[in-house]
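Novice: Show me the folded form of this:
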Amino acid sequence: MCNFNKQTQETKEFIALFMQKATEYLGGANFFLSLIEALRADKPHPLLNKRCRIASQQAQISWNKVIFKDKFDVLQEIVLQHKSSEDVNFNILDIASQKMKKKSINMTKTLAPIKFKVHTLESHSGFEFEIFEKIDFENDYVTINPIFTALFFCSTDYTKRALKYKG
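Specialist: Next up, the predicted model:
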């Protein structure tokens with residue numbers, strides 16, 4: 001998930017296109033990278049920020065709902081288990097433990113309504129994304145948005161590789 005070189009061709013192209021569009025919306029790669037650096041600098045983790053926003057000098061990312069530590073811990077455990085995975089579209093409900101599966105379902109239901117907005121501080125142009133890409137509880141299938149993991153869990157090097165990718 002967080003190793004750009006191990007991603008499928010389709011995923012690399014999708015993430016690279018997203019990163020290129022994101023830099024255009026924010027006025028350049030430096031503004032986008034400075035926002036990512038601001039995310040990395042926020043401790044303990046930017047998703048636990050009670051103000052629901054992180055800003056750099058030129059851009060800001062905000063979201064519409066506070067994320068509590070118990071739900072964050074479940075999300076982080078799932079992401080860390082699959083961080084080196086080559087499959088970006090892994091099903092987070094494909095878990096042997098029924099207890100962990102129930103926690104994952106509850107976390108998904110709680111965090112699904114959250115929308116992230118990234119925009120410049122001057123013109124407020126930007127883009128939005130969500131945590132989950134696909135949610136289908138009837139078939140026990142939930143995938144995490146690769147853009148979300150790239151911004152909040154992967155390294156800055158991952159983003160730089162995506163920005164330089166030329167298919």
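
Novice: pLDDT below threshold where in the protein?
Specialist: For the chain, the stretches with pLDDT under 70 are 84-89.

Novice: in it, which spans are helices?
Specialist: With DSSP state H, the ranges of helices along the chain come out as 9-26, 29-41, 69-81, 98-111, 146-152, 156-164.

Novice: Out of these, flag the one nearest residue 120.
Specialist: With distances scored as CB to CB, the stretch of the helices of the chain nearest to residue 120 is helix 9-26 (5.6 Å). For glycine as for every other residue, the C-beta is placed from the backbone atoms N, C-alpha and C.

Novice: mind listing what's buried in the closest one?
Specialist: Neighbour counts using 16 or more other CB atoms under 10 Å place 11-12, 14-16, 18-19, 22-23, 25-26 of helix 9-26 among the buried residues.

Novice: Just send these back as JSON lines, with distance to residue 130 too.
Specialist: As requested, these are arranged in JSON lines below (distance: CB to CB, whole Å):
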{"residue": "11", "distance to residue 130": "17"}
{"residue": "12", "distance to residue 130": "21"}
{"residue": "14", "distance to residue 130": "15"}
{"residue": "15", "distance to residue 130": "16"}
{"residue": "16", "distance to residue 130": "20"}
{"residue": "18", "distance to residue 130": "13"}
{"residue": "19", "distance to residue 130": "17"}
{"residue": "22", "distance to residue 130": "15"}
{"residue": "23", "distance to residue 130": "20"}
{"residue": "25", "distance to residue 130": "17"}
{"residue": "26", "distance to residue 130": "19"}
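
Novice: from those residues, which is closest to residue 140?
Specialist: Looking at these and their distance to residue 140, the nearest is residue 11, at 22.5 Å (CB to CB).

Novice: What's the separation between that closest one and residue 97?
Specialist: With distances defined as CB to CB, to the nearest Å, the gap from residue 11 to residue 97 amounts to 28 Å.

Novice: can you check residue 152 too?
Specialist: The spacing between residue 152 and residue 97, counted by CB to CB, is 24 Å.

Novice: who touches the residue nearest in space to the middle of the chain in this structure?
Specialist: By CA atoms, centre = their mean, the chain has its centre lying nearest to residue 148, at 1.2 Å. The contact partners of residue 148, taken as CB atoms under 8 Å, 6 or more residues apart in numbering, are 116, 129-131.

Novice: which among those gets closest to residue 49?
Specialist: Distance from residue 49 was checked for each of those by CB to CB. The minimum falls on residue 116, at 12.0 Å.

Novice: can I assume the closest one is in contact with residue 127?
Specialist: No. With contacts counted by CB atoms under 8 Å, residue 116 stays clear of residue 127, the gap being 9.0 Å.
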